[in-house]
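Asker: fold the following.
(2 chains)
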Amino acid sequence: MALLDVTNLSISFGGLRAVDAFEIHIEKGQLYGLIGPNGAGKTTVFNLLTGVYRPDEGIIRLDGTDITGKTPIEINRSGIARTFQNIRLFKELSVLDNVKAGLHNHYRYSTLEGIFRLPKFRRMEREMDERAVEILKVFDLDKEAAVTASNLPYGKQRKLEIARAIATQPKLLLLDEPAAGMNPNETGELMETIRFVRSHFDMTILLIEHDMKLVSGICEKLTVLNFGQVLAQGDTSDVLNNPEVITAYLGDE
Amino acid sequence: MLSKWKALKKTTRSNAITYAIVIVAYLIIQLLSGLGLLSSLFTGLLVPLCTYVILAVSLNLVVGFLGELSLGHAGFMCVGAFASAFFSRCMEQAIPASGVRFLIALIIGAVCAGIFGILIGIPVLRLKGDYLAIVTLAFGEIIKNVINVLFIGRDENGFHFSTKDALSLNMSADGDVIINGPQGITGTPKDSTFTVGIILILITLFLVTNLIHSRSGRAIMAIRDNRIAAESIGINITKYKLMAFAISAALAGVAGVLYAHNLSTLTATPKNFGYNMSIMILVFVVLGGIGSIRGSIIAAVVLTLLPEMLRGLSDYRMLIYAIVLILMMLFNWAPKAIEWREKYLSRLPFLARKKGESTGKEEV
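Answerer: Alright, predicted model coming up:
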């Protein structure tokens, strides 16, 4: 059974069918790419998967459970975390606190225990600190733990967003254009990090990306979207050599 | 000693300074009043001062840390004031010990205001920004106006209730009108003192600063910084918004209790519980620096004392007050002023801060 099973997913905005009969099946541990020209509906698919939009039709199953129509909060709790195309960090919080916010549902103590600084508060906060630093180390951000998130350089902000998503311990991680705005060096580094994250945290990853070097470098399978519909699906090399895909990207000769 | 001080976490250090400022101010004022150096005008201002400080700190929780603009804070203060004054007035004979009575009144005031906070918060917190500000403003006015038409009396048959006038309470001859509509509550025991006020300030500080530096506080600030991202990592937005709003309302209720037990006659007028008051509290918060608790305290004190100290200047008084508002705003927010502060004030050991370290809104 696939980890993520999506069948016949559709949504319309007014008269526009933004996503039409979308299907995807991702096996556990896969690194899966979702590509397509601008406006093809990739981010809309992410928003459907994470509950930001409610689909008009279709079923989303995560690990066998139906999560269609649930709220973003419920969906995160059932095991999907994401990053955003335009970075959404907690700007005024420190790097460490951004990750600790991600740990919110896994290290619990009550508000009163927090206000009165009871032993459980101290224990949980210490464990959270340790865990958060551990995650930050993977992204080489542990030295900047005390820095305010908005003061980080762009590339590190992207990494921090991934770190925060991982802190929620998802089964499936959705990355929306992780390499956007990065130079080739940074992209290369990011590819290593994504690979490492998958093996180290035992995670399944679905990513949207325009950078073909990254896509062909790390994705095992691809789905190509065009005008809201699946144009091609399969192993990366097959899909990238598919004449229809080439046409969609480069136009007719 | 100094190295030990530096080893403490920055936030702990900052909180300790805030507590110390309050305590030192208290000791100085007690000393001066013991020596008979304080005018009666100034002594009369001490309890209201404590009230404003608590209000400013509690509103900062909503404005600075939750990031929502609320203009109905005086309404919650009003609920706390009337609920507690009603209790104290009824129980004056039954509980002669003023300490115990005041403590119960305090809890009643805080809980009632907190419940109102939740009731109003449930519909209102769906709104954002300007809309939220206007609706909270309206709720604040509604609370004040409802209390102005409220008549409650007591005789040997129990409580009587009316929204018309005192006569329609239909009480027996020796009946006692407790809440008399626009005339409010008369004869509340005067249990508030400066010392009580300072203790309540310290309790407020303890609650707010510890809340902010805990899991719930982090969730509240995460919602402020990015609601969509907070949702995406599974933070329950409604719960934490409502929590911050209710705690803030309950603390405003505490301020109301302090206020009510300092007056022999408690009435709900536009001056004390109207939107003027709500806006004044907001001015304390904004000028003190949104999200800075110490700033709220200082702004509340300065801006309450200033008009009183300048009374001798009669007409120029409000002019100078306005100029001070503008100067404080510049000092807090102008980029050049911030630069200057970082350059010179950071030399002082207790203000020292490593460059690039987390500063600003979560600073306390």
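Asker: I'd like the distance between residue A:172 and chain B.
Answerer: 13 Å (CB to the nearest CB, to the nearest Å). In short, each C-beta sits where N, CA and C put it, glycine included.
Asker: give the contact list for that residue.
Answerer: By CB atoms under 8 Å, 6 or more residues apart in numbering or on different chains, the contact set of residue A:172 is A:3, A:4, A:26, A:62, A:79, A:80, A:81, A:203, A:204, A:205, A:206.
Asker: got phi/psi on the fifth one?
Answerer: I take that to be residue A:79. The phi/psi pair for residue A:79 (degrees, to the nearest 10) reads phi 120, psi 20.
Asker: repeat that for the fourth one.
Answerer: The phi and psi torsions at residue A:62 (degrees, to the nearest 10) take the values phi -110, psi 120.
Asker: looking at chain A, which residue is nearest chain B?
Answerer: Using CB to the nearest CB, the closest approach of chain A to chain B is made by residue A:114 at 2.9 Å.
Asker: let me know the pLDDT of the closest residue to that residue other than its chain neighbours.
Answerer: Leaving out its chain neighbours, the residue that sits closest to residue A:114 by CB to CB, 6 or more residues apart in numbering or on different chains is residue B:214, at 2.9 Å. Looking at residue B:214, its pLDDT stands at 95.
Asker: give me the number of neighbouring residues for residue B:214.
Answerer: Using other CB atoms under 10 Å in any protein chain shown, residue B:214 has 23 neighbouring residues.
Asker: quick revisit: ok, the residue of chain A closest to chain B touching residue B:216?
Answerer: Yes - using CB atoms under 8 Å, residue A:114 is in contact with residue B:216, at 5.8 Å.
Asker: filter the contacts of residue A:172 down to the ones near chain B?
Answerer: Subset of the contacts of residue A:172 in contact with chain B: residue A:81, counting by CB under 8 Å from any CB of the partner chain.
Asker: residue contacts, whichever residue of the stretch 51-200 of chain B sits closest to chain A?
Answerer: Nearest residue of the stretch 51-200 of chain B to chain A: residue B:67, at 9.3 Å (CB to the nearest CB). By CB under 8 Å, 6+ apart, the residues touching residue B:67 are B:223, B:224, B:225.
Asker: just the buried residues of the helix or strand hosting residue B:302, please?
Answerer: Residue B:302 belongs to helix B:293-309 when assigned by DSSP states H and E. Neighbour-count burial for helix B:293-309 flags B:293, B:294, B:295, B:296, B:297, B:298, B:299, B:300, B:301, B:303, B:304 (criterion: 16 or more other CB atoms under 10 Å in any protein chain shown).
Asker: can I get those in CSV with pLDDT?
Answerer: Listed next are those as CSV, based on pLDDT from 0 to 100:
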residue, pLDDT
B:293, 93
B:294, 93
B:295, 91
B:296, 94
B:297, 95
B:298, 93
B:299, 92
B:300, 94
B:301, 94
B:303, 90
B:304, 90
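Asker: nearest to residue B:264, of the residues you listed?
Answerer: Distances from residue B:264 to those, taken as CB to CB, are shortest for residue B:304 (21.1 Å).
Asker: look up how far residue B:21 lies from that closest one.
Answerer: Distance from residue B:304 to residue B:21, counting by CB to CB, to the nearest Å: 16 Å.
Asker: in the stretch 101-250 of chain B, which residue sits nearest chain A?
Answerer: Counting by CB to the nearest CB, the stretch 101-250 of chain B gets nearest chain A through residue B:214, at 2.9 Å.
Asker: for that residue, what are its contacts?
Answerer: Contacts for residue B:214 (CB under 8 Å, 6+ apart) come out as A:109, A:111, A:114, A:115, A:121, A:125.
Asker: do a quick rundown of the strands in the stretch 151-300 of chain B.
Answerer: Using DSSP state E, counting those that start in this stretch, the strands found in the stretch 151-300 of chain B span residues B:151-155, B:158-162, B:176-180, B:185-186, B:265-266.
Asker: okay, the residue nearest the centre of chain B and residue B:212: tell me how far apart.
Answerer: Taking CA atoms, centre = their mean, the centroid of chain B lies closest to residue B:55, which sits 1.0 Å from it. Distance from residue B:55 to residue B:212, counting by CB to CB: 18 Å.
Asker: look up the pLDDT of whichever residue of the stretch 1-150 of chain B sits closest to chain A for me, please.
Answerer: Scanning the stretch 1-150 of chain B for proximity to chain A using CB to the nearest CB identifies residue B:10 as nearest, at 8.2 Å. Residue B:10 carries a pLDDT value of 76.
Asker: who in the stretch 151-300 of chain B is up against chain A?
Answerer: Residues of the stretch 151-300 of chain B lying near chain A (CB under 8 Å from any CB): B:206-207, B:210-211, B:214-219, B:221-222, B:224-226, B:228-237, B:243, B:291.
Asker: now, which of the residues you listed lie within helices?
Answerer: The members of these that map onto helices under DSSP state H are B:206-207, B:210-211, B:215-219, B:221-222, B:224-225, B:228-232, B:237, B:243.
Asker: report the residue spans of the stretch 151-300 of chain B with pLDDT below the cut-off.
Answerer: Scanning the stretch 151-300 of chain B for pLDDT under 70 picks out nothing.
Asker: ok, residue B:130 - how many residues close by?
Answerer: Look at residue B:130: counted by other CB under 10 Å, it has 9 neighbours.
Asker: residues touching the spatially closest residue to it that is not a sequence neighbour, list them.
Answerer: Counting by CB to CB, 6+ apart, residue B:69 is the residue found nearest to residue B:130 once chain neighbours are left out, at 7.5 Å. Residue B:69 is in contact with B:63, B:129, B:130, B:132, B:133, B:136, B:282, counting by CB under 8 Å, 6+ apart.
Asker: can you rerun that using 10 Å?
Answerer: B:59, B:62-63, B:128-134, B:136-137, B:282, B:286 (CB atoms under 10 Å, 6 or more residues apart in numbering or on different chains).
Asker: flag the shaky bits of chain A, pLDDT-wise.
Answerer: Ranges of chain A meeting pLDDT under 70: A:252-253.
Asker: okay, now the domains of it?
Answerer: A:1-79+A:170-253, A:94-167 (automatic domain parsing).
Asker: now render the ones you listed as TSV, adding distance to residue B:79.
Answerer: Formatted as TSV, the domains of chain A follow (distance: least, CB to CB, whole Å):
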stretch	distance to residue B:79
domain A:1-79+A:170-253	31
domain A:94-167	22
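Asker: the helices in the stretch 101-250 of chain A, which residues?
Answerer: Here the stretch 101-250 of chain A has its helices, by DSSP state H, counting those that start in this stretch, at A:111-115, A:119-138, A:154-167, A:184-201, A:212-218, A:236-240, A:243-250.
Asker: neighbouring contacts of the first one?
Answerer: Which is helix A:111-115. With CB under 10 Å, 6+ apart, helix A:111-115 has contacts from A:118-122, A:124-125, B:206-219, B:239-240, B:243, B:247.
Asker: sorry, back to before: could you give the angle of whichever helix or strand comes after the helix holding residue B:302 to helix B:293-309?
Answerer: Scanning forward in sequence from helix B:293-309 by DSSP H and E, the next helix or strand is helix B:316-333. Angle of helix B:316-333 versus helix B:293-309, following axes from the mean of the first three to the mean of the last three CA atoms, to 10 degrees, is 160 degrees.
Asker: which other residues reach helix B:316-333?
Answerer: With CB under 10 Å, 6+ apart as the test, helix B:316-333 has contacts from B:283, B:286-290, B:292, B:295, B:298-299, B:302-303, B:306-311, B:313, B:336-338, B:340-341.
Asker: do the same with stretch B:35-44
Answerer: Stretch B:35-44 is contacted from outside by B:29-33, B:45-46, B:49, B:194, B:262, B:305, B:308-309, B:311, using CB under 10 Å, 6+ apart.
Asker: let's go with 7 Å and repeat that
Answerer: With contact meaning CB atoms under 7 Å, 6 or more residues apart in numbering or on different chains, stretch B:35-44 is reached by B:32, B:33, B:308.
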